[in-house]
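Peer 1: here's my sequence, what's the structure:
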Amino acid sequence: MDDQNSTQSISVAIASFIGTIIMGRLITRRDNTASSSSSSYAKETPTSFLPTPTQALTLVQCRRSIFPKQYSGKSIPRSIVNDMIEAARWAPSHKLTESWRFVVFESLDAKMEVANLLTELYVSSQKLKGKPIVQAKIDKKPKSAKLSSHIIAICVADKGSNPFVEEISSVSMAVQNMHLMATAHGVGAYWSSGGVHGPNSPSKTCVIENPIELTQFLVQHLPNKDETIVCLGWMYIGDYYGDAEEGSGPENNDRTTKKWPSGRRSPIEERVAWV
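Peer 2: Numbering: from 1, shown residues only. Alright, predicted model coming up:
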């Protein structure tokens, strides 16, 4: 009887031991599967497609205002401009109003229309203020238009659902996105506010009242002609040839020899307070 009980105890112990091994292996296999699944999930999440913090900061630090006088006069692909506009579309906006409005002037005739309008606005503004008309500024406008590949009118639509300053801020962030995309493509971009201030618009405040001629000119090109819009300026976009060598000019536009403009900023400690 004792031998029988002893045999049963040994059998139970062996079965328990084997069961423990099997359960351990099952748990290990489960953990490995979960780990593999987690790793696979991590690869599929949007985070893995984001630039690294270093890459993002480098792009921001490399952004420059590159002026039309620095452009080669050659056209850049429309696909690059489309990328810039797509980047603008993803700027934040309160209540998703997406109040940015853009008019892209691509053909030479269209760009010259902009130049002629800005010339007229400059001359009339100087006369109204009793200030001298500088010929160099008149000559600059058509020259900038010809050197630029595209000119984009930067506008904001006032829907009345948000404080207007919020809409202006959203459009400004959209423009920054455009600048960053232009930088990523290695093309020049510059935001000019020329011609946006009307005779009753104080240039040193946030109040912007466009000249009626400017509003009429832009509204005819917008999809919704019943919207109330305000033009915040113009983005000039062009092929940047850089200063690869002493005395180099527009004929030297090889990307491998481009010298991207350097920048400077004052210490951030002068403008930040930690509390």
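
Peer 1: what helices or strands is whichever strand or helix holds residue 118 leaning on?
Peer 2: Using DSSP states H and E, residue 118 maps to helix 108-129. When contacts are defined as 3 or more C-beta pairs under 8 Å, 6 or more residues apart in numbering; DSSP states H and E, helix 108-129 sits against strand 100-105, helix 135-147, strand 150-157, helix 212-219. Using the backbone N, CA and C atoms, a C-beta is placed for each residue, glycine as well.

Peer 1: ok, which of these comes nearest residue 64?
Peer 2: helix 135-147 (16.6 Å; C-beta to C-beta).

Peer 1: what's the average pLDDT for the closest one?
Peer 2: Mean per-residue pLDDT for helix 135-147: 97.

Peer 1: cool, and stretch 168-180?
Peer 2: On average, stretch 168-180 scores 98.

Peer 1: let's number from 29 now, not from 1
Peer 2: Okay, using 29 as the starting number, the last item reads as stretch 196-208.

Peer 1: ok now it, how far from the chain's centre?
Peer 2: Here the centre of stretch 196-208 is set off from its chain's centre by 6 Å, with C-alpha atoms, centre = their mean, to the nearest Å.

Peer 1: most packed of the helices and strands packed on helix 136-157?
Peer 2: strand 178-185 (a mean of 23; mean count of other C-beta atoms under 10 Å).

Peer 1: tell me the angle that one makes with helix 163-175.
Peer 2: Angle between the axes of strand 178-185 and helix 163-175 is 100 degrees (criterion: axes from the mean of the first three to the mean of the last three C-alpha atoms, to 10 degrees).

Peer 1: next secondary structure after strand 178-185?
Peer 2: Criterion used, DSSP H and E; the element after strand 178-185 is helix 192-213.

Peer 1: any idea how far that next one is from the chain center?
Peer 2: That offset, for helix 192-213, works out to 5 Å (C-alpha atoms, centre = their mean).

Peer 1: so which elements touch it?
Peer 2: helix 81-90, helix 106-117, strand 128-133, strand 178-185, strand 216-220, strand 257-266.

Peer 1: which one of the ones you listed lies nearest to residue 197?
Peer 2: strand 178-185 (9.6 Å).

Peer 1: pull up the pairing partners for that closest one, direction included.
Peer 2: strand 128-133 (antiparallel), strand 257-266 (antiparallel) (DSSP bridges).

Peer 1: can you redo those strands as CSV with distance to residue 117 and mean pLDDT?
Peer 2: Formatted as CSV, those follow (distance: least, C-beta to C-beta, whole Å; pLDDT from 0 to 100):
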stretch, distance to residue 117, mean pLDDT
strand 128-133, 8, 98
strand 257-266, 15, 97
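
Peer 1: any chance of those strands in CSV with distance to residue 142 as columns?
Peer 2: Putting those into CSV (distance: least, C-beta to C-beta, whole Å) gives the following:
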stretch, distance to residue 142
strand 128-133, 5
strand 257-266, 7
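
Peer 1: of all the ones you listed, which lies closest to residue 238?
Peer 2: Of the strands paired with strand 178-185, the one closest to residue 238 (C-beta to C-beta) turns out to be strand 257-266, at 5.2 Å.

Peer 1: can you pull the contacts of residue 219?
Peer 2: By C-beta atoms under 8 Å, 6 or more residues apart in numbering, the residues touching residue 219 are 93, 182, 203, 207, 261-263.

Peer 1: could you dump those into a markdown table and include distance to residue 297?
Peer 2: A markdown table is the format used below for the contacts of residue 219 (distance: C-beta to C-beta, whole Å):
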| residue | distance to residue 297 |
| --- | --- |
| 93 | 24 |
| 182 | 33 |
| 203 | 28 |
| 207 | 25 |
| 261 | 31 |
| 262 | 35 |
| 263 | 32 |
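
Peer 1: report the buried members of these.
Peer 2: 182, 203, 207, 261-263 (16 or more other C-beta atoms under 10 Å).

Peer 1: which single one of those is nearest to residue 250?
Peer 2: residue 182 (12.6 Å).

Peer 1: wait, that closest one sits on residue 259?
Peer 2: Yes. Contact between residue 182 and residue 259 holds when scored by C-beta atoms under 8 Å: they sit 6.9 Å apart.
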